[in-house]
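1. I need the structure of the sequence given here:
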Amino acid sequence: EMIAERVGDQGLAREVDALAPRVLELSEFLVDVLGVTDVGAYFPHRITYHPTCHSLRMLGVGDRPLQLLRAVAGADLRELPAAEQCCGFGGTFAMKNADVSVAMAPLFHITGLVGHICAAIVAQCPLVLGYRFEPNVVLDILREHRPTFTIGSITVFIALSSAPGVSADDFSSFRLIYSGGAPIAPAVTERFEKLTGHYIHNAYGLTETSSPSHLVPAGARAPVDPDSGALAAGVPVYDTVVRILDESGNELPVGEVGEICTSGPQVIPGYWNKPDATAESLPGGELRTGDVGFMDADGWFYLVDRK
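-> Purely as a prediction, here's the structure:
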């Protein structure tokens, strides 16, 4: 509220007021959610004080949100599921402190949380933030801060490449550009590359997989399936097992279409207070994504539908 008042944005102030009844104070969260009885004594403890490290909310059926648990696996922070993905981003992108990341994804979204905030912390590199997405404002940010990395939805890159006055020089500082959240048509990546000189690398994942479970490796180009025309979503990230299953839960051979099912250290252990949803979507700890696709002979995965 104080920020909204100082910048004179009454619209923002109204949004903050509307959200306030749904926001827990830290003390309320500790007591009501984590069951802490002595708030004052809570803070000296290590992060492993409670078996739940953190939770993220996602849209559920209708207007009922679901909370996803991320459990602490041990005393070492590197064993946390979120940390798995932070290190995955840093390793896959080879991000270093000389990089400059620009936030194209909302920070409240799993992509923004892991792909921007956590990855920048792991790489110890600057993260450039803007306000609401507006193509010409973002182009000004690119011109001023000369970022080297970003990840965002494909609609972001379509909007940027269609903005008045855009040029290849606006993107010349980038080393890697990734996109996820929606299927990408091959023609879109070709058009963007022709304008900017940069290839958009695909990424695929869910909130339940702590962001990406599949990526197009840096420097690689995703193949296009000759039959469906679909652009490959990527290959599984490290330490991740992905299977294609039929309706009966049987594993399908290469090229056969079925449900994409993922297991690995980054997959959530369950939904907060939703044992039935957990049992249905995470039998044996393997995530039934609800996405339909197939794997080709070279290990590339393609999305073709939703169950």
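2. give me the residue ranges of the stretch 151-300 of the chain where confidence is low.
-> In the prediction, the stretch 151-300 of the chain carries no residues with pLDDT under 70.
3. name the helices or strands packed onto the helix or strand containing Lys194?
-> Using DSSP states H and E, Lys194 sits within helix 186-196. In terms of contacts (3 or more C-beta pairs under 8 Å, 6 or more residues apart in numbering; DSSP states H and E), helix 186-196 is packed against helix 154-162, strand 200-206. In short, each C-beta sits where N, CA and C put it, glycine included.
4. tell me the angle of it relative to strand 200-206?
-> 130 degrees (axes from the mean of the first three to the mean of the last three C-alpha atoms, to 10 degrees).
5. buried sites along helix 186-196?
-> Applying a neighbour-count criterion of 16 or more other C-beta atoms under 10 Å, one finds 188-189, 192, 195-196 buried in helix 186-196.
6. number of nearby residues for Thr278?
-> Burial of Thr278 is recorded as 19 neighbouring residues (other C-beta atoms under 10 Å).
7. what residues are up against it?
-> 270-271 (C-beta atoms under 8 Å, 6 or more residues apart in numbering).
8. isn't there a helix covering it?
-> Yes - under the criterion used here (DSSP: H, G, I helix; E, B strand; the rest coil), Thr278 sits inside a helix.
9. can you give me the distance of it to Thr289?
-> Taking C-beta to C-beta, to the nearest Å as the measure, Thr278 and Thr289 are separated by 15 Å.
10. swap in Met95?
-> When Met95 is compared with Thr289 (using C-beta to C-beta), they lie 27 Å apart.
11. thinking again about what came up before, pick the most buried one from the helices and strands packed on helix 186-196.
-> For the helices and strands packed on helix 186-196, the largest average neighbour count (mean count of other C-beta atoms under 10 Å) is found in strand 200-206, namely a mean of 24.
12. partners of the following helix or strand past that strand in the sheet?
-> Going down the chain from strand 200-206, the next helix or strand is strand 211-215, by DSSP H and E. Strand 211-215 pairs in its sheet with strand 200-206 (antiparallel), strand 235-236 (antiparallel), by DSSP bridges.
13. this protein: helices as residue ranges?
-> Under the criterion DSSP state H, the chain contains helices at 2-7, 10-19, 26-28, 39-42, 81-93, 110, 119-123, 135-145, 154-162, 186-196, 275-281.
14. follow-up on the earlier one: mind putting the buried residues of helix 186-196 in a markdown table, distance to Asp305 included?
-> Formatted as a markdown table, the buried residues of helix 186-196 follow (distance: C-beta to C-beta, whole Å):
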| residue | distance to Asp305 |
| --- | --- |
| Val188 | 19 |
| Thr189 | 21 |
| Phe192 | 25 |
| Leu195 | 30 |
| Thr196 | 31 |
